[in-house]
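K.L.:
build the 3D model from these lines:
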Amino acid sequence: MGNEQRDCQGNDAESRLERRLFTRRDVVKGGGAAAGALSIAWLLAACGGGGGGGGETTAPADTGGAAETGAPAETAPAGGGAEVDKMTWAINGDAVAMDYALAYDFNTNSAMTNVTEPLLRIDPQGQLQPNLAESWEQVDPLTLTITLRSGVKFHDGSEMTADDVAFSLNRHRDPDVGSYLATFHERVKDCQATGPSEVTVTFTKPDAIFPFAMGTMAGAVASKAFIEANGDKVGTPEVGIVGTGPYKYTSWTKGQEIVLDRFDDYWNTERARKVKQFVVKVILDEATIVSALQTGEIDGVFGTALSGKSVQSFAGVDSVKVYRAPSYQVHYLAVNTGMPPFDDQRVRQALSMAIDKQGLLQSVWGGVGQAPIKSPATPAMWTYEKDTFQQAYDALPSYDLDIEKARSMVEAAGATGAKGNILVALPFDEEQAVAIQAAAKQIGLDLTPEKVEATDKISQEFLGKDFREYSLSTTQWGADIPDPAGNLLIPFYSKNVVTNNSAYQNPEVDKLLEQQRETTDPAERARLLTEAQAKIVPDQPWIVYYSPDSVMVLNTRLGGYQIRPLTYWDPFAADFSGTA
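P.N.:
Sure thing, here's the model as predicted:
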């Protein structure tokens, strides 16, 4: 019964998503790509040791921690090196597609990052390292050359070539593909194979962010021959995709599970996988995930699929252990600044002051995180010029709880009695929305939670400005790069018409964000980013509640994952093996 119910919900979501994707491609063909971008997201404490089963291990953030340490995160647990026949991982919504160009949500990435790999990787200290590329050089501000690793094989046995790489990168700028990661490529003029093992990227403008993008799915590589042969079927359950990763696509039963098998010809013999089969299981209900972890039906899950309260429930459970680190993620209320009365800054500030942010962290998330967080860019992201970011953060307004002042601001804005909806999908979204509804009522706003499927919610938020039908959306965001630009540039640059889910418009912010992207000087970038932040925060296009910790819950039979601020699967942190 449970599987049938999940399958029915998954098929319903799939049909809606297909309609959304068709519409998105129409938007892009009409100029959306030129206007900005198509990505779903740039769409996851103290140093501690490990104890016995059911305990909790914390680690410093990869890059900056809680602005106190730059020490690398611990590998937790260490693992014993034994081979494992099968490992099962839980996600709380189906994947969008088995296509790297459409893989930028938490659920899709759990599978896709194991099948296709990027050219570079980001190490625990937030530095770029070689991967499919052996080296890279910024020849001049508008030219980047990439030297490829030789002997890399695709899952079909063919060898990766420069043509495959150039083709894979260029797909992000093809409006027919509708890439969710086109934001990363918006300044790219062309990618060309300029030698047997060389690709040259040329830009229309300098782009300090692009090298980091090559460490994400925006720099992933797939087989050109496979994609050209399969056309629109690429990424579907019928054919999947052919990449170079440690696992190859085997099957996808929509709404139920994705099966990946170990690729024994994987190029990186030093990181040969000990787990033979990796199964990603779709479990929509949070309580079912908790139960499945406790019984051993699934082996692991990231905190993006569990509330902090569920994470706390594993205390004393000997069969699993919880691992935590500060994260790049925030939980927040996206405010549609183009919709009255939320187009008035006073109303947004008032709503922020009505929400008990520390209370939400405790009541909804079990205290597993940091609150309040004054900026979308969390302290864990301060990977350079930390003093600059700390001083700028300290100077930001806090919008502490003040019902009386908030009520008077709503009255002054003439918004008393105004109505609006709050888009919700996951159970903890709904809990937060109910609390916000009650808080809003106290200051004269009439807000109603509106529940939709997770895939539909993603589509509504990131389909583009002409398709946002919500007043507010309680949601989550986590950057994939160790840089505050990940939480400032992508969501608040007005030309990013898709990822700007609050429809935020501020020409001064746009100018600062453009300038920081065009310089590689860390001090200048920090200055420009903090100036942009100082303008964004008072506007409150996002009302940030808290930053949840990066969390992994893992069966004690397995070891070998390095906990990081990233809030979804990072294959470069994974070296799973049996602890026996």
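K.L.:
now stretch 519-531: buried residues?
P.N.:
Across stretch 519-531, burial judged by 16 or more other CB atoms under 10 Å covers 525-531. The C-beta positions use only the backbone N, C-alpha and C, and glycine is treated the same way.
K.L.:
what sits up against it?
P.N.:
Contact with stretch 519-531 is made by 138, 206, 208, 377, 384-385, 388-389, 392, 484-485, 488, 512-513, 515-516, as judged by CB atoms under 8 Å, 6 or more residues apart in numbering.
K.L.:
okay, that stretch in CSV with CA atoms only?
P.N.:
These are the backbone C-alpha positions of stretch 519-531, laid out as CSV (Å, rounded to 0.1, in the frame of the first residue of the first chain):
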residue,chain,number,x,y,z
THR,A,519,37.4,40.7,-9.9
THR,A,520,39.6,37.9,-8.5
ASP,A,521,41.0,40.1,-5.7
PRO,A,522,39.6,38.5,-2.5
ALA,A,523,39.6,41.8,-0.5
GLU,A,524,37.8,43.7,-3.2
ARG,A,525,35.3,40.8,-3.7
ALA,A,526,34.6,40.8,0.1
ARG,A,527,34.1,44.6,0.1
LEU,A,528,31.6,44.4,-2.8
LEU,A,529,29.7,41.4,-1.4
THR,A,530,29.3,43.0,2.0
GLU,A,531,28.1,46.2,0.5
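K.L.:
rounded mean pLDDT for it, please.
P.N.:
For stretch 519-531, mean pLDDT rounds to 95.
K.L.:
equivalent analysis for stretch 343-361, please.
P.N.:
According to the model, stretch 343-361 has a mean pLDDT of 97.
K.L.:
and for stretch 493-501?
P.N.:
Per-residue pLDDT values across stretch 493-501 average out to 87.
K.L.:
next one: that stretch to chain centre, how far?
P.N.:
Once both centres are worked out by CA atoms, centre = their mean, to the nearest Å, stretch 493-501 turns out to sit 16 Å from its chain's centre.
K.L.:
so for that stretch, what gets flagged as buried?
P.N.:
Using 16+ other CB under 10 Å as the test for burial, stretch 493-501 gives 493-494, 496-501.
K.L.:
can you check stretch 382-402 too?
P.N.:
Neighbour counts over stretch 382-402 (16+ other CB under 10 Å) mark 382-385, 388-389, 392-393, 399, 401 as buried.
K.L.:
how about those residues in CSV, adding distance to residue 558 and secondary structure?
P.N.:
Converted to CSV, these look like this (distance: CB to CB, whole Å; DSSP: H, G, I helix; E, B strand; the rest coil):
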residue, distance to residue 558, secondary structure
382, 32, coil
383, 29, coil
384, 34, coil
385, 38, coil
388, 40, helix
389, 36, helix
392, 41, helix
393, 37, helix
399, 42, coil
401, 42, coil
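K.L.:
closest to residue 151 among those?
P.N.:
When the buried residues of stretch 382-402 are compared for distance to residue 151 (CB to CB), residue 383 comes out closest, at 32.6 Å.
K.L.:
was I right to think the closest one contacts residue 485?
P.N.:
No: here residue 383 lies out of contact with residue 485, judged by CB atoms under 8 Å, at a distance of 10.8 Å.
K.L.:
where do the contact lists of these two overlap?
P.N.:
Contacts common to residue 383 and residue 485, judged by CB under 8 Å, 6+ apart, are absent.
K.L.:
residue 157 versus residue 272, what's the distance?
P.N.:
Summarising the geometry, the distance separating residue 272 from residue 157, computed by CB to CB, to the nearest Å, is 17 Å.
K.L.:
these two: which has the busier surroundings?
P.N.:
A side-by-side neighbour count of residue 272 and residue 157, using other CB atoms under 10 Å, places residue 272 first with 13 against 8.
K.L.:
ranking helices and strands of this structure by mean pLDDT, which lands last?
P.N.:
Every helix and strand in the chain was compared by mean pLDDT, DSSP states H and E; the lowest is helix 33-35, with a mean of 28.
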